[in-house]
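Novice: What would the 3D arrangement of this be:
(chains A, B, C and D)
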There are 2 protein chains.
Amino acid sequence: MPTTPTAAADSPAFSPLYQQIKTLMTQSLQRGEWRPGEAIPSEAELAVRFKVSQGTVRKAIDELATDNLVVRRQGKGTFVATHAEERTQFRFLRLTPDDAAETGSTRRRFIDCRRQRAPADVARALALRTSDNAIRIRRVLYFRDLPVVLDDIWLPAALFKGLTAERLGSYRGPMYRLFESEFHVRMIRAEEKIRAVAADDTAAGLLELPPGTPLLSVERRSYTYGDRPVELRRGLYNTAAHYYRNELS
Amino acid sequence: MPTTPTAAADSPAFSPLYQQIKTLMTQSLQRGEWRPGEAIPSEAELAVRFKVSQGTVRKAIDELATDNLVVRRQGKGTFVATHAEERTQFRFLRLTPDDAAETGSTRRRFIDCRRQRAPADVARALALRTSDNAIRIRRVLYFRDLPVVLDDIWLPAALFKGLTAERLGSYRGPMYRLFESEFHVRMIRAEEKIRAVAADDTAAGLLELPPGTPLLSVERRSYTYGDRPVELRRGLYNTAAHYYRNELS
DNA sequence: GAGTGGTCTAGACCACACT
DNA sequence: GTGTGGTCTAGACCACTCC
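Specialist: Next comes the predicted model:
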């Protein structure tokens, strides 16, 4: 049960009730008590369970919704967010075609998928020991049969046992949906570092461009519950006919 | 006075009370009734003024705060957001040095500031007629005395009467603060389109780089109240020692 | 102590989806 | 109709800031 605010007042870090509820609910999500796509209990039920008013539960859920951990649907309930039903198919991919009418025909090709010791920089980014294994995936995304994105993806091997090139190749749907349904690893948020670089010979070959072509370099670190980093993804984007869109506020 | 929800129920678009309050408050901000940096009336006062409960005013202010139009400070009041007191000095500039310890020494150099007919693409982006005038500013940002950013900035001349290179050069502080205090144009949000390009001769000269160096091209369109576009900014960033950071969720 | 925003409650009623 | 989230209210009390 949550501590009442007054009882917690003598401790240095005062935490409102709804924050405590939010933490408890996040743990339920993390434990898998409520699974992606399913409805969580109604606000009234949760109010009873946590012995607080519905308004307090409501505020906790509000925050979970703005964090994109759950989705509210009026009249139906509140549902655990999932990468399964993204209308864009790629929730985290901010590439947009210059020609807005471009058909959604996309294709993937997996070049490589292997297990190896995590290099030092990858180990650091994923909070692994250098003795830990990592899975490295290399793939190309094609839009309208033209290669546009080359990704190098690093995952902690311990979390993705049994992930193979075959499994990746045969899966229909976004990669993050596979991670979520097969490996119970849900990507919550990510940070990206973006630069402009010149294509090296390898990238140029795979993206079918002259070496030296300017490419967008996007280094993404994705996190799951509890701010745990679980993916390092280094992408090279050909921005000749696409751009990376961003909103500032 | 806001229409009560029930009274508005017959019209097709139902709008909650707090949304109507939010709209009224946005208009007060736009009109300049409450000016940047100043405190707006307390929640209790606003509740009386709008004849609603404090909770409803509160929810309206909550949204204005998440939109970054106002800032709440417990115990003190709610204040109109301003570009004057950004700790980063550049609220919309997402460039970060690789070396996190880099000193904050920045310098600006204005290359050009002139008034001219808006080219077709600029006119379209700023919703101007092609007969309208625009102000074009070109400047370079230096970090540690090295040129890193080359900006081409387009503004509707009608909104920025009297803006000159001298005024720009003599002003201390962020450009958006100048716009806000001198021209009463407040930038609320912006959209960016990002690509990788090769430096042309001009850019290479100004950024002191070899022509052909990959640069980040950042096209920003900024909006003021009412989603009115008021700035088109085309930036070229040297990302050799800096990166563009972004958060996804 | 007075004034501000922040939290929490309890209850009423509305809008929406399903059946 | 029943159950869900969404809105609105009124009032109590807490935390923070300033005088």
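
Novice: A:Ala127 and A:Pro229 touch, don't they?
Specialist: Yes. Counting by CB atoms under 8 Å, A:Ala127 sits close enough to A:Pro229 to count as a contact (5.8 Å). The way it works is simple: take the backbone N, C-alpha and C, and place the C-beta from them, glycine included.

Novice: So for the two, which sits in the more crowded spot?
Specialist: When neighbours are counted by other CB atoms under 10 Å in any protein chain shown, A:Pro229 comes out ahead of the other of A:Ala127 and A:Pro229, with 17 against 11.

Novice: And the more buried one, how close does it get to DNA strand D?
Specialist: The spacing between A:Pro229 and DNA strand D, counted by CB to the nearest atom of the strand, to the nearest Å, is 31 Å.

Novice: which SS state does that residue fall under?
Specialist: strand (DSSP: H, G, I helix; E, B strand; the rest coil).

Novice: what bridges to it?
Specialist: Listed beta-bridge partners, A:Pro229: A:Tyr223 (assigned using DSSP bridges).

Novice: surely it meets A:Leu126?
Specialist: Yes. If you go by CB under 8 Å, A:Pro229 and A:Leu126 touch, sitting 5.3 Å apart.

Novice: now the end-to-end length of stretch A:129-137.
Specialist: For stretch A:129-137, the first-to-last residue distance is 20 Å (CA to CA, to the nearest Å).

Novice: Would you indicate which residues of it are buried?
Specialist: With burial defined by 16 or more other CB atoms under 10 Å in any protein chain shown, the residues of stretch A:129-137 counted as buried are A:134-137.

Novice: same question, stretch A:45-63
Specialist: By 16+ other CB under 10 Å, the buried positions in stretch A:45-63 come out as A:46-47, A:50, A:52, A:56-61, A:63.

Novice: Could you list the residues in contact with the longest helix along chain A?
Specialist: When chain A is parsed with DSSP state H, its longest helix is helix A:17-31. Applying CB atoms under 8 Å, 6 or more residues apart in numbering or on different chains, the external contacts of helix A:17-31 come out as A:2-5, A:34, A:40, A:46, A:50, A:52, A:56-57, A:59-61, A:63-64, A:69-70, A:80, A:225-226.

Novice: Briefly note if stretch A:30-38 comes near DNA strand C.
Specialist: No. Using CB under 7 Å from any atom of the strand, stretch A:30-38 never reaches DNA strand C; the gap is at least 13.9 Å.

Novice: OK, contacts around the residue nearest in space to the middle of chain A?
Specialist: The centroid of chain A falls nearest to A:Met187 when counting by CA atoms, centre = their mean (2.9 Å). Applying CB under 8 Å, 6+ apart, one finds that A:Met187 lies in contact with A:83, A:92, A:176, A:179-180, A:222-224, A:230-231.

Novice: which one among these gets closest to DNA strand C?
Specialist: The shortest distance between DNA strand C and any of the contacts of A:Met187, using CB to the nearest atom of the strand, involves A:His83 and amounts to 21.3 Å.

Novice: Quick check, that closest one in contact with A:Arg91.
Specialist: Yes. Under the criterion of CB under 8 Å, A:His83 makes contact with A:Arg91 at 6.1 Å.

Novice: the more surrounded of those two?
Specialist: With other CB under 10 Å as the criterion, A:His83 and A:Arg91 differ in neighbour count, and A:His83 comes out ahead with 22 against 18.

Novice: need the contact list for the more buried one.
Specialist: When contacts are counted by CB under 8 Å, 6+ apart, A:His83 touches A:36, A:91, A:174, A:176-177, A:179-180, A:186-187.

Novice: And A:Phe160, by the same measure?
Specialist: Residues near A:Phe160 by CB under 8 Å, 6+ apart: A:135, A:179, A:183, A:185.

Novice: Any of the residues you listed buried? List them.
Specialist: By neighbour count, with 16+ other CB under 10 Å, the contacts of A:Phe160 hold A:135, A:179, A:185 as buried.

Novice: quick one on the thing from earlier: what subset of the contacts of A:Met187 is also close to DNA strand C?
Specialist: Restricting these to those adjacent to DNA strand C (criterion: CB under 7 Å from any atom of the strand) removes every one of them.

Novice: and the closest residue in space to A:Thr130 that isn't next to it in sequence, how many neighbours?
Specialist: Once flanking residues are discounted, A:Thr130 sits nearest to A:Ala123: 5.0 Å by CB to CB, 6 or more residues apart in numbering or on different chains. The tally of other residues near A:Ala123 (other CB under 10 Å) stands at 19.

Novice: Could you look up the next helix or strand downstream of the strand or helix carrying A:Ala123?
Specialist: Under the criterion DSSP states H and E, the helix or strand holding A:Ala123 is helix A:120-126. Under the assignment DSSP H and E, the closest C-terminal helix or strand after helix A:120-126 is strand A:133-143.

Novice: For chain A, which segments are assigned as helices?
Specialist: A:17-31, A:43-50, A:54-66, A:120-126, A:165-170, A:175-183, A:201-206.

Novice: In a markdown table, list those helices along with mean pLDDT.
Specialist: As requested, those are exported to a markdown table (pLDDT from 0 to 100):
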| stretch | mean pLDDT |
| --- | --- |
| helix A:17-31 | 97 |
| helix A:43-50 | 97 |
| helix A:54-66 | 98 |
| helix A:120-126 | 96 |
| helix A:165-170 | 92 |
| helix A:175-183 | 93 |
| helix A:201-206 | 98 |
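
Novice: per-residue confidence at the closest residue to A:Glu208 other than its chain neighbours?
Specialist: For A:Glu208, ignoring the flanking residues on the chain, the nearest one in space by CB to CB, 6+ apart is A:Pro147 at 5.5 Å. Residue-level confidence at A:Pro147 comes out at 97, pLDDT.

Novice: show me what contacts A:Pro147?
Specialist: Here A:Pro147 is in contact with A:140-141, A:206-208, A:238 (criterion: CB under 8 Å, 6+ apart).

Novice: Save the buried residues of stretch A:129-137 as TSV, and put in distance to A:Trp154 too.
Specialist: Written out in TSV, the entries for the buried residues of stretch A:129-137 read as follows (distance: CB to CB, whole Å):
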residue	distance to A:Trp154
A:Ala134	5
A:Ile135	7
A:Arg136	6
A:Ile137	8
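
Novice: Show me what from chain A comes close to DNA strand C.
Specialist: A:5, A:16-19, A:52-56, A:59, A:73-76.

Novice: Residues contacting stretch A:165-182, please?
Specialist: With contacts defined as CB under 8 Å, 6+ apart, stretch A:165-182 is touched by A:36, A:82-84, A:86, A:89-92, A:110, A:112-113, A:137, A:139, A:160, A:163, A:185-187.

Novice: okay, that stretch in PDB with CA atoms only?
Specialist: Extracted as PDB, the C-alpha positions of stretch A:165-182 are listed here (Å, rounded to 0.1, in the frame of the first residue of the first chain):
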ATOM      1  CA  ALA A 165      18.600 -14.400 -38.900                       C
ATOM      2  CA  GLU A 166      15.900 -16.900 -39.900                       C
ATOM      3  CA  ARG A 167      13.500 -15.700 -37.100                       C
ATOM      4  CA  LEU A 168      14.100 -12.100 -38.200                       C
ATOM      5  CA  GLY A 169      13.700 -12.800 -41.900                       C
ATOM      6  CA  SER A 170      10.500 -14.800 -41.500                       C
ATOM      7  CA  TYR A 171       8.800 -12.300 -39.200                       C
ATOM      8  CA  ARG A 172       6.100 -10.000 -40.600                       C
ATOM      9  CA  GLY A 173       5.800  -6.700 -38.800                       C
ATOM     10  CA  PRO A 174       8.000  -4.300 -37.000                       C
ATOM     11  CA  MET A 175      11.100  -5.600 -35.300                       C
ATOM     12  CA  TYR A 176      10.100  -4.000 -32.000                       C
ATOM     13  CA  ARG A 177       6.900  -6.000 -32.100                       C
ATOM     14  CA  LEU A 178       8.900  -9.200 -32.400                       C
ATOM     15  CA  PHE A 179      11.100  -8.100 -29.500                       C
ATOM     16  CA  GLU A 180       8.000  -7.400 -27.400                       C
ATOM     17  CA  SER A 181       6.100 -10.600 -28.200                       C
ATOM     18  CA  GLU A 182       8.900 -13.100 -28.400                       C
END
